[in-house]
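>>> show me how the following folds:
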Amino acid sequence: MTMPDDDLARIAEQEKVLCFDSFDLATAWQLGKLLQELGSERGLGIAIDINLHSMPVFYVALPGVTPDNVQWVRRKRNLVLRYFRSSYAIGIDLKAKGKTIADNGLSDADYAPHGGSFPINVKGTGCIGSVTVSGLPQRDDHNLVVEALALMLAKDLDALRLA
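Modelled structure (predicted):
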């Protein structure tokens, strides 16, 4: 297996394992606050967004964020809410197939197949929203979201993190 293949398999495992029993506004606040604390402690200039489909439920921009990050969040979130998969997985998959988002009839202005947005899945329901980070290289954005989800769900981060 090559690195993209390894990453796709690992991300599929992440999407399966990082699933909530239930998710409400209080859970969204806890997840957002955890990401904010991780970003602040590490001095990361990131934007953090949690959305329950069309309803924004958490947003914060840490020092260093630019208006571009706001747009990256929106575009990555749109992709997750369209396909119910990680934006990073979609980007890796498209690249491996020699395709772009435009090949799926979508606009680059509205969809970004880059790491950092992850579906919020609830057992027995499926994808109810997304959690998105923007401001770091895409792999790091993705890993930060996975770290926060693993911490919240008491899952083994070392077994889930992309190498």
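
>>> count the neighbours of the residue nearest to F23 when sequence neighbours are not counted for me.
Once flanking residues are discounted, F23 sits nearest to V122: 5.3 Å by Cβ to Cβ, 6 or more residues apart in numbering. For the C-beta atoms, the positions are set from N, CA and C on the backbone; glycine is no exception. Using other Cβ atoms under 10 Å, V122 has 17 other residues around it.

>>> bridged to V122, which residues?
F20, G126 (DSSP bridges).

>>> correct me, but it touches D24?
No: counting by Cβ atoms under 8 Å, V122 sits too far from D24 to count as a contact (9.9 Å).

>>> next, give phi and psi for the closest residue to R139 other than its chain neighbours.
Nearest in space to R139, with sequence neighbours left out and distances taken as Cβ to Cβ, 6+ apart, is G115 at 5.5 Å. Phi and psi for G115, reported as degrees, to the nearest 10, are phi -60, psi 150.

>>> so who does G115 touch?
Residues counted as contacts of G115 (Cβ atoms under 8 Å, 6 or more residues apart in numbering) are 76, 86-88, 91, 137-142.
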